[in-house]
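*Asks:* Sequence and computational prediction follow.
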Amino acid sequence: MTRTSAPSGDRTSGAAAPSPSRMVLSAADIDRALTRIAYEILEANKGSENLLLLGIPRRGFPLAQRLAAKLAATDPSIDPAAITGQLDVTMFRDDLAHQPTRAPQRTELPASGIDGKVVVLVDDVLYSGRTIRAALDALVDLGRPQAVRLAVLVDRGHRELPIRADHVGKNLPTSSAEKVRVRLAEIDGPGTVDEVVIEAGA
Amino acid sequence: MTPASYLIRSASLLGGATADVLVRDGAIAAIGDGLDHDGTTVIDAASLVALPGLVDLHTHLREPGREDAETVETGTRAAALGGFTAVHAMANSSPVADTAGVVEQVWQLGRESGWVDVRPVGAVTVGLAGDQLAELGAMADSRARVRVFSDDGICVSDPVMMRRALEYVKAFDGVIAQHAQEPRLTAGAQMNEGKVSAVLGLAGWPAVAEESIIARDVLLAQHVGSRLHVCHVSTAGSVEIIRWAKERGINVTAEVTPHHLLLTEELVRSWNPVYKVNPPLRADEDVHALRAALADGTIDIVGTDHAPHPSEAKDCEWASAAMGMTGLETALSVVQETMIETGLMTWADFARVTSTTPARIGRLTDQGRPLEVGEPANLVLVDPAARWTVDPQAMATKGRNSPFAGLELPGRVVATFFRGHPTVLDGALNTPCLHGAN
Amino acid sequence: MRHLLDTESLSRDHAIAILDTAQEMSAVGEREVKKLPALRGRTVVNLFFEDSTRTRISFEAAAKRLSADVINFSAKGSSVSKGESLKDTAQTLEAMSADAVVIRHWASGAPARLANSGWIDAAVINAGDGTHAHPTQALLDAFTMRAHWAGLAGTPSVGGDLAGMRVIIAGDVLHSRVARSNVWLLRTLGARVTLVAPPTLLPVGVEHWPCEVSYDLDAALEKGVDAVMMLRVQAERMNASFFPSTREYARRWGFDDARLARLDALALKDTIVMHPGPMNRGLEISSAAADSPRSTVLDQVRNGVSVRMAALYLLLSGDLKSTPAPAPSAALPLVKDLP
C-alpha cells in the first residue's frame, strides 16, 4: 500500500520535487478498470443484493463511490449512496508506534450496517497487505458481514501477509524502491487529471 | 615559623593606577613601583585588579544543624574562592544563634577553619519566633562580638518587637537587619505576584509585602533614633522608600543580592525550583531600579544571601522546594556583569559596596580597609578580562543550587589574601590562615 | 508535542488536531464494540496526588477504550503520604514501564517538572495542577463549544475553530486552573473571552491576559454571549474574605433563574450554559440553569472521554511525539538591556 511505503502520505500529489515518473494508468484506463471491476463484483455476487462498498480512506472512498455509481448504472434499483461507506483503519494499524502519527479519518457506514452484508473493501493500491489486515480487524468491531471481498485499482505486489484481492484494476510489477502515486480529482482537487504513475525511489 | 611575605607585582589598585604591593606579617608593608622582591614570593598581577577582600553581610553557613547543606568549613572555602575575607553567618541555624553559646560556637568554627573571618549574626528573637527578644547584649559581649542581629528568613513583623529591638541594640552600637516580608500578605507565597504568577497559578509574593514593612521600619528607626539595615531589597518601590528615608536623614542601610541584580521572574516559567528564592525574583523594571539604586548609593551594599540546600530540597515540584540560591562563588562575577560591564560602576565603587560599607555596617575594624600601607592585608586579585562558565558541580559549597549554572560570566578571582595569607592562589584554594587569628 | 502540560503553548494546529481526533473518537462510544486497539500493549498510569474521581475515571475510560493497560495510583494512603518525593514516585512508575503518566497534583507546575526534569521518559499529561492548568478540561470545553458553534453555522466541526464566538467565564478565576487553560485555548481558537469575577477572585496580572475582564455579570450578558461557563466556588474560599457571604456571591455572580430568563429576554436563544463540575447548585449556578436545555454539563462529561482518548492517542503514537514541546527557555539572563 502506498501508505506503508510512503510515511509522509500518499497525499502529496505533485508537491514533491519532480522525480522521474511514468504514467501507468490514464484517466480513461482508470475508468475502464473500474467499469470492469463493477461487472466482476455483480457477477461474483450474482447480482447486487446485500452488496456494500466500503472505501478505505483516503482514495479508496472515492473509488468506492465511483464503483457504486457504475453498479447503479447497470441496476437502476441500486441507490449508490445507500451502499457506500468509508472504513477508517488507522487505529487498527500494526505500525502506530513506529510511524508518524496519523489523524484518524471518519468511519461512516450506511444505515443498513454491515451485519449479513457482502462487504467489498475498496482501496487504491494493494502492497504489503497490512492495511487490509487492519481493515478486517476494524470490520470485526463493527459487525459480522456475510462475506468480505477486496477490490483494488492497482496491485503492485510485495505482499507481507496472506492476503489477495478479488478484483484488480491492474497488476503492476514494481520494485519496492518505487512509489506508486494515484491521483483522483475527488482527493487531489478539482482540475486534477486522474492517473496512476510510478515514481523512481530516492 | 616566619610568615611568608608576598610581592604582588603591578596590580591595578581598585582598577586605577598600577603599583606593587608588599604583604608581610599580615599587613600591607609597602606600596610602590619596582619594590624589592628579595625573600618574597612574587605574584605577577599585571592586568589584575587589586581590591579589599569582600565582606558578606548575609551568608547562610547552615552549621550547626544542617551540616548536610553546608558547614562552616565548606561555606568559608566557597567564600575564599569568591574573593571574600569575611562573612556574616545568619542566625537561622539549628539551634538558632540566639544565645552567646551558639554564636561563640560558630565564631570558633570559623577561626578553626581559617579561610575567612566568620562573624555570627545573632537572632533578634528567641528561636526566630518573634515573641521574645533574644539575649542581644550577651551575644554582643561574647567573644563573637555580635553587632548584626537578624531573624532573617522570618520578618520581625510585630511592630512593637521591632521597635524594642531597634532601641535595645543602641546600647552596643548594634544594627537590626530586617527581612522585610509582611507575613499575612505572603502566606503560601511562591513567587513575585504579577504577570507571571497570574499565568502560572502560583501564589503571589506582592511587592507591597516588602515595601510596607520597610516603610514602617524606617519610620520606627527614625522615631527611636536607631540603625536599621534592610536585607535583600528586591523591588523598585522599596528603593523609593529607602531613598526617601535617606533624604530625611534616617539611619538606614540597604542590601541587594547578586541574583536580584541579574535574574527576573520570567525564569519561573521553567518551573525549575533553582529559581525559587525569598524574596522572589522580580520583574525587569525592579532589576533596573536595583542596579540604579546600587550605583547611586541608595542601596549601600551587595549581600549574597548565599543559601545552600541539599539536592532533594530542589529536586521536587516548585511548591515543595526550599527557597534560596548559592552565591558566594558567583557574587563578584555577577556584580561585575551587572554593574561594571554596564558602565554603572567602577572597581572603586565595587570595593565600596562589597567591602568597605558592609564592613562598616557590621562594625568590622580590620576588614574593608583602604589599600594603604599599614592596613591589614585582606585583599583579592581579580582578572576582570577572564570569562568562565558557572558549574555548580565544581564549586566548594555543598549546595548545587546555583541559578547561574551554565551561564558565562566575566571576572575571575585569582588570589585571595586573608590576614596576609593567600587562601586562594591561581584561582584555586591554597591553605587556610591558621596563625594570627584574633 | 511530547507532553500535554498546558494550553498556553498549544499551537492552533495541535489544538485542532486533538479536537478533530476527538471527533472521530466520539463515534467509538456509540458502537457496539467500544474499543480500539490503538494503544494495545501500552501502559498508562493515572498518578493522582489529589482526589478527583471524575477526572480519573474519564482518563481511565479513555485509556481502556484505546486498549491500553491502566494503572491507577492514588497518593492517599500510599508511600507518597509518608513523604516519598514526586521524583521517586515517578521513577518507580517508570520502572513499571509506564508509557504515559496522567498526573493530577495539588502543586502548580508539578506535571511540567515531571516532564522536563529528566526523571522519566514517559509522556506526561496534565490532569490538573494546582491553580495552573487543566488542559484536557479546556479541550473538552472547546470541543463542546465547537460542536455547538458549527451546528449553528451549519458547518462541519472537523477542521473548524471558534472564530467569533463570545464566551463568558464567570467565578473564581484566581484559583481556577480551568479558567487559565480556557483563556489561552479559546484565544488560540479565535473565541472572544470575557472573565467575570469579584475583583478579589481575579489574579493580579490578569490585565495581561488575552481577554476582557468585568466585575458585572449582567452587563457582560447584555453585550451578547454564545457560551456562559460558570466556575465552581471552592468551599475553602467561602470564609476567607474573598466575598462577604455566599448569598451575596450568588446574587452578584451566580447564574441564577433570573439570569437564565434574561438570556431569553435578550433573544440569546442559542446561548449555552457550561460548568466543569462538580456544581454547587444554588451558589454559582441555579438548578433551573443546570438542568435547562441550554446546559451542556453532561455533554462536557461525555466529550471528556473523547478528548482524553485523542490526547492519549496523539501523544503515544507517532510523530507528534517526536517534536519536542517548546519548553520554557531557561536561557540566561533574561533581563533586557538597559534603555
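*Replies:* Nice, thanks for sending it over.

*Asks:* Endpoints of stretch B:322-334, how far apart?
*Replies:* End-to-end distance of stretch B:322-334: 23 Å, with Cα to Cα, to the nearest Å as the criterion.

*Asks:* so, in contact with chain C or not, that stretch?
*Replies:* No: figure legend: stretch B:322-334 not in contact with chain C (Cβ under 8 Å from any Cβ of the partner chain); closest approach 9.3 Å. (Each C-beta comes from the backbone N, C-alpha and C, glycine too.)

*Asks:* Which positions in that stretch come out as buried?
*Replies:* B:322-334 (16 or more other Cβ atoms under 10 Å in any protein chain shown).

*Asks:* low pLDDT regions in chain A?
*Replies:* A:1-19, A:202 (pLDDT under 70).

*Asks:* do that again at 90, thanks
*Replies:* Across chain A, the ranges flagged by pLDDT under 90 are A:1-21, A:48, A:74-76, A:94-106, A:112, A:141, A:176, A:189-191, A:200-202.

*Asks:* how about the helices in it?
*Replies:* Secondary structure of chain A (DSSP state H): helices located at A:2-5, A:27-45, A:60-74, A:130-142, A:185-188.

*Asks:* Buried residues in the longest one, which are they?
*Replies:* By neighbour count, with 16+ other Cβ under 10 Å as the criterion, the buried positions of helix A:27-45 are A:27, A:29-30, A:33-35, A:37-38, A:41-42, A:45.

*Asks:* export it as CSV, just CAs?
*Replies:* Only the C-alpha atoms of helix A:27-45 are listed here, as CSV (Å, rounded to 0.1, in the frame of the first residue of the first chain):
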residue,chain,number,x,y,z
ALA,A,27,-7.9,8.6,-16.7
ALA,A,28,-9.5,6.5,-19.3
ASP,A,29,-7.7,3.4,-18.2
ILE,A,30,-8.9,4.0,-14.6
ASP,A,31,-12.4,4.4,-15.7
ARG,A,32,-12.3,1.2,-17.9
ALA,A,33,-10.8,-0.7,-15.0
LEU,A,34,-13.5,0.4,-12.6
THR,A,35,-16.2,-0.5,-15.1
ARG,A,36,-14.7,-3.9,-15.4
ILE,A,37,-14.5,-4.3,-11.6
ALA,A,38,-18.1,-3.3,-11.2
TYR,A,39,-19.2,-6.0,-13.6
GLU,A,40,-17.0,-8.5,-11.8
ILE,A,41,-18.5,-7.6,-8.5
LEU,A,42,-22.0,-8.1,-9.8
GLU,A,43,-21.0,-11.4,-11.4
ALA,A,44,-19.3,-12.7,-8.3
ASN,A,45,-22.2,-11.7,-6.1
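
*Asks:* so what's residue 196 up against?
*Replies:* Going with chain A. By Cβ atoms under 8 Å, 6 or more residues apart in numbering or on different chains, residue A:196 lies in contact with A:23-25, A:29-30, A:153-154, A:170, A:172, A:180-183.

*Asks:* Let me rephrase: I mean chain B.
*Replies:* B:265-266, B:268-269, C:205.

*Asks:* Then residue A:120?
*Replies:* A:41, A:51-54, A:64, A:67, A:148-151, A:166-167 are the contacts of residue A:120 under Cβ under 8 Å, 6+ apart.
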